[in-house]
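# Using only what follows, build the 3D model:
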Amino acid sequence: MKLYYSPGACSMASHIALREAGLTFDLEKVDLRAHRTEKNEDFAQINPKGYVPALRLDNGEILTEGPALLQYIADQKPAAGLAPAAGTMDRYRLMEWLNFVSTEVHKQFSPLFNPAITPEWREAQVSRLAGRFDYLAKQLTGRPYLMGERYSVVDAYLFTVLGWCGMLKIDLGRWPTLQEYLGRIAARPAVKAAMKAEGLSK
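So this is what the prediction gives:
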């Protein structure tokens, strides 16, 4: 398999999951502005949607969309315990969390990366995110991971998007539970390895 990624982007969640699962894979960095890969391929030919992550499977197929990749990766190595078994209620709870992180957290960050954002627009987006952070902090109170006692692929996803707070100067001081959560995930060997491989840490 090959993961097309951009350092620190949402593709890092899939990168972390691949390492957590112990799967063999290659990495290829994508310049999202130039739409070229580091091997000078036209990324539009790989993923016409124009964004990462994209996962080239061993049979040549391309799979896109982070929540789909995360579940695919988890299902390649069930023994790693990164996702509950398909068809169980716990699996639907995982899907529920993946959808929440994707639509209600990840996408709320997107306008903040727009250089044309106005102060008023930024304030509105940060306020909406604060409401999501309130909810997440409440759900994480008394449990280490979103699914409870067991780490799963959705934790890799939430860790990735909450990590953007530092870059965007969003203070998480109001949410010590989230700060503790980030520290807990950051300490995992697979997370450390993924961040180092993407050039985000030493």
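
# List the contacts of Cys10.
Shown in contact with Cys10 (CB atoms under 8 Å, 6 or more residues apart in numbering): 52-53, 66, 106, 157, 160-161. Placement of C-beta: from N, CA and C, glycine included.

# Return the distance of it relative to Ser110.
Distance, Cys10 to Ser110, using CB to CB, to the nearest Å: 10 Å.

# contact partners of stretch 99-119?
Residues from elsewhere that reach stretch 99-119 (CB under 8 Å, 6+ apart): 10, 66-67, 121-122, 125-126, 128-129, 132, 136, 154, 157-158, 161-162, 164, 168.

# do stretch 78-97 as well
Stretch 78-97 is contacted by residues 17, 20-22, 67, 70-71, 73-75, 146-147, 150-154 when judged by CB under 8 Å, 6+ apart.

# What pairs with the top strand by length along the chain, parallel or antiparallel?
When the chain is parsed with DSSP state E, its longest strand is strand 26-31. Strand 26-31 pairs in its sheet with strand 2-5 (parallel), strand 36-37 (antiparallel), by DSSP bridges.

# quick one, what contacts Tyr51?
Leu32.

# should've said Lys192
Each residue near Lys192 by CB under 8 Å, 6+ apart is listed here: 186, 201.

# can I have the strand or helix carrying it written out in PDB, keeping just the CAs?
Element membership for Lys192 (DSSP states H and E) is helix 189-197. What follows is helix 189-197, C-alpha atoms only, in PDB (Å, rounded to 0.1, in the frame of the first residue of the first chain):
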ATOM      1  CA  PRO A 189       5.000   5.000  19.800                       C
ATOM      2  CA  ALA A 190       3.100   4.900  16.500                       C
ATOM      3  CA  VAL A 191       2.100   8.600  16.800                       C
ATOM      4  CA  LYS A 192       5.700   9.600  17.600                       C
ATOM      5  CA  ALA A 193       6.900   7.600  14.600                       C
ATOM      6  CA  ALA A 194       4.300   9.100  12.200                       C
ATOM      7  CA  MET A 195       5.100  12.700  13.400                       C
ATOM      8  CA  LYS A 196       8.800  12.100  12.900                       C
ATOM      9  CA  ALA A 197       8.300  10.600   9.500                       C
END
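
# Sort out which residues of it are buried, please.
Neighbour-count burial for helix 189-197, counted by 16 or more other CB atoms under 10 Å, picks out 190-191, 194-195.

# What of stretch 131-138?
Applying 16+ other CB under 10 Å to stretch 131-138 flags 133, 136-137 as buried.

# Show residues contacting that stretch.
Defining contact as CB under 8 Å, 6+ apart, one finds that stretch 131-138 is touched by 104-105, 108, 158, 172, 174-175, 177-178.

# Adding secondary structure and neighbour count, write the residues you listed out as CSV.
Listed next are these as CSV, based on DSSP: H, G, I helix; E, B strand; the rest coil; neighbours: other CB atoms under 10 Å:
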residue, secondary structure, neighbour count
Glu104, helix, 15
Val105, helix, 20
Gln108, helix, 18
Leu158, helix, 25
Leu172, coil, 16
Arg174, coil, 12
Trp175, coil, 20
Thr177, helix, 18
Leu178, helix, 19
